[in-house]
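Student: take a look and give me a structure for this.
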Amino acid sequence: MNLRPIRLTLLCCFAALLAACGGETDTATETIAKADISADVQAFYAASPEKYSFKTPADIPQGLVWENGMDLPDIGSPEATKGGTQYEYMPDFPATLRINGPDSSGEFRRWFDYTTLGLAHRHPNEFEFYPAIATEWAVDFPNKTVYARLNPQARFTDGELVTADDFMFMFYFFLSEDINDPWSANWYSTQYTNITKYDDHTISISMMEAKPDMAALALSLAPVPEHFFQELGPDFTERYQWRFVPNAGTYEIRPENVNMGVNIVMTRVEDWWAKDLKFFRNRFNMDSINFSVIRDTANQFEAFRRGDLDQFKIRTADYWYENLPDSDPDVVNGYIHKAQFYNDGPRSPWGLWINSARPYLDNLDVRLGIQYASNWDLVLQRYFRSDFTRLDSAQVGYGEFSNPAVKARGFDIALAREHFANAGFDRSGPDGILMNAAGERLAFTLSTHYERYRDVFTILREEAAKAGLDLRLEMMDVAAGSRKSSEKQHDIYFIGLNYSLEMYPRYWDLYHSDNAYDDAFLDDGSVNPLRQIKPQTNNMESFANFEMDQLIDRYNASSSREEMVELAHQMTQMHHDYASFVPGFVEPFYWHASWRWVRWPDDFNVRYSNYAEDAFVHWIDMDMKEETLAARRSGQTFEPQINVYDQYLQQ
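Tutor: The predicted structure is shown next:
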């Protein structure tokens, strides 16, 4: 399991793939000379024995309290059956099958995250850990160390056994400059101080600090297959571009199941090592998942209505109420089931991410004016039918770590114009858009790849014009839009990020100057006049504040829950004051539609899920599929299923 809490869409369109790869991916890969890094790996360990240690089981401290999570309830339904193919769409073809390095954090990446196993996982209903690759673990807070015993039966998808060596190699891999992954290099170099191998199936991981969720820092780790990356080198990006990385999970992608630009098929590993284990025996039920490229929402929905797709994630009110109303014949006749599921956990921060490094957007008054010129209340009322609510900050859903005092600014034309005037935009042009003394219009480009929200942007633009602001909509495809934002070439980008299930929010990724500029500040805290924008990070706002850096560093180093809560509130307030993020909306639930043959547990899904398929608790009933299709042809009907699951509704 990759520890990134944020998932940006970084996909490359097929045309770009052909341009980059020449349409000859397999041939190009085969021509790269073989390599063997075994000696380099051992030298890496030997160079830092304080970080990479080799001991015996006799060196494991006595008196440790070992846990295994087996008292937690099972996941999924005992009625689930194995088999069948799930037909899914992907909005664009992935830029790579790598899960690290350039272009690896795309939309398709989440399917790897769903199915990859770490040492242990947070229970999707209880938040505590249940075993995966580890059979048990022990937490030693005084020594900032977590011990884990690996399941000797654990195997990678290619059949190789998972051993302690693969966890040792994990550090070599993520700290390698060859993979060109700055986030991983920072994470693995700053969060961990030691990994020790006691035998082939026993390890310990030591952390920099004994943070409240210290166990999570270790148990979320997933092995990196040393045997697979024996050719790791400067040509990593090209060599591994279209090679599926083996993991300990359920599904693999075979070379023959990659049809470039068209579709990808994931197949369940035959005789998967964890198939009969508690927490996994009722999940990952399909034999295969067939992904086809379908680029826009309308075509995706039509494919679902034809039965070409088994299920459809309904993300907008018009599709729930109008395109697939409760009165639709397929719904009334029980062929298509509708579900509204209230979930829990960290909320995706949908909103406008302002690049404060761009001309005029580096002015606080301009950013404040944009805040007051954004009429999200009207969007919520008119477009979302008041089903969704206003987001107040980018850190909502973390319990006591979320700052309840921070509230989103409301739509206020007078305040917007006041701030714009303070920035020099104090006169109206012939079209009503404000101008400055040099005749420059108050106009910025609002970029996005979410074509399904086009009507949202129309409302925002029309309302912003009332305050003298021109928002020029730039609707991009997934690949181009995500690349633009990651390279910090945008003015304003609309996106919602997916956060992992964690105890508290992370600030370094989004707000530390390390992710905004190269050498943002001089030693005295003043701005470095030679600093350059740093691309390929999650700091889309180019947020760089020396005081915030100090708070983030304290937060990351703290082992005190109380201090971390205080710092989290302070940083959320500081981010609010900087006004580079305009909070949009919160989705307190998700809508889902599926054909009758897609089966779900009685309570439908798990508490901590962003999408219905996250936890893989569903299954395909092939007999019911034949029955349903035959009934639809003959006119036979079934009991309609329009269900609201509110057991996790937050009051």
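
Student: what does the biggest helix by length in the chain contact?
Tutor: Assignment by DSSP state H gives helix 561-578 as the longest helix of the chain. Under the contact criterion CB atoms under 8 Å, 6 or more residues apart in numbering, helix 561-578 has outside partners 211-212, 356, 364, 367, 393-395, 398, 400-403, 405-406, 504-505, 507, 511, 541, 543, 545, 547-548, 551-552, 554-555, 558, 581. C-beta here means a position set from N, CA and C on the backbone, and glycine is covered the same way.

Student: which of those residues are buried?
Tutor: 211-212, 356, 364, 367, 393-395, 398, 401-403, 406, 504-505, 507, 511, 541, 543, 545, 548, 551-552, 555, 558, 581 (16 or more other CB atoms under 10 Å).

Student: what sits opposite the nearest residue to residue 454 once chain neighbours are set aside in the beta ladder?
Tutor: Leaving aside its chain neighbours, residue 454 sits nearest to residue 475 (6.8 Å; criterion: CB to CB, 6 or more residues apart in numbering). Taking DSSP bridges as the rule, residue 475 bridges to residue 448.

Student: who's in contact with residue 475?
Tutor: If you count contacts by CB under 8 Å, 6+ apart, residue 475 has them with 448-449, 451, 454.

Student: rewinding a little: take the contacts of helix 561-578 and keep only those in helices.
Tutor: Short answer: those in helices (DSSP H) are 364, 367, 511, 547-548, 551-552, 554-555.

Student: circling back to that earlier point, among the contacts of residue 475, which two are most distant?
Tutor: For the contacts of residue 475, the farthest-apart pair by CB to CB is 449 and 454; their separation is 11.3 Å.

Student: neighbour count: those two, which is higher?
Tutor: Comparing residue 449 with residue 454 by other CB atoms under 10 Å, the one with more neighbours is residue 449, at 24 against 12.

Student: so that one touches residue 478, yeah?
Tutor: Yes. Residue 449 lies in contact with residue 478 (CB atoms under 8 Å); the separation is 4.7 Å.

Student: and stretch 228-242, end to end?
Tutor: The first and last residues of stretch 228-242 sit 13 Å apart, counting by CA to CA, to the nearest Å.

Student: and stretch 141-161, by the same measure?
Tutor: End-to-end distance (CA to CA), stretch 141-161: 30 Å.

Student: residue 202: neighbour count?
Tutor: Applying other CB under 10 Å, we find 18 residues neighbouring residue 202.

Student: and it, bridged to which residues?
Tutor: Listed beta-bridge partners, residue 202: residue 149, residue 199 (assigned using DSSP bridges).

Student: check contacts around it.
Tutor: When contacts are counted by CB under 8 Å, 6+ apart, residue 202 touches 57, 60, 147-150, 164.

Student: circling back to that earlier point, what's the closest of the contacts of residue 475 to residue 634?
Tutor: Closest approach to residue 634 among these (CB to CB): residue 451, at 37.6 Å.

Student: which ones are touching the closest one?
Tutor: With CB under 8 Å, 6+ apart, residue 451 has these contacts: 296-297, 475.

Student: reformat those residues as CSV; add pLDDT and distance to residue 304.
Tutor: What follows is the contacts of residue 451, written out as CSV (pLDDT from 0 to 100; distance: CB to CB, whole Å):
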residue, pLDDT, distance to residue 304
296, 89, 13
297, 92, 10
475, 94, 23
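
Student: Serialize these to a markdown table and add fields for distance to residue 465.
Tutor: Listed next are those as a markdown table, based on distance: CB to CB, whole Å:
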| residue | distance to residue 465 |
| --- | --- |
| 296 | 27 |
| 297 | 26 |
| 475 | 18 |
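
Student: out of the residues you listed, flag the one nearest to residue 234.
Tutor: Proximity of the contacts of residue 451 to residue 234 (CB to CB) peaks at residue 475, which lies at 37.4 Å.

Student: mind checking how far that closest one is from residue 492?
Tutor: Residue 475 sits 13 Å away from residue 492 when distances are taken as CB to CB, to the nearest Å.

Student: again with residue 632
Tutor: Using CB to CB, one obtains 46 Å as the distance from residue 632 to residue 492.

Student: and for residue 226?
Tutor: Residue 226 sits 44 Å away from residue 492, going by CB to CB.

Student: with neighbour numbers in mind, choose between those two.
Tutor: Taking neighbours as other CB under 10 Å, residue 226 and residue 492 compare with residue 492 leading, 27 against 21.

Student: wait, doesn't that one sit right on residue 471?
Tutor: Yes. With contact defined as CB under 8 Å, residue 492 counts as touching residue 471 (7.4 Å).

Student: common neighbours of these two, please.
Tutor: Listed contacts common to residue 492 and residue 471 are 444-446; contacts here mean CB under 8 Å, 6+ apart.

Student: out of these, the closest to residue 74 would be?
Tutor: Nearest to residue 74 out of the shared contacts of residue 492 and residue 471 is residue 446 (CB to CB; 46.1 Å).
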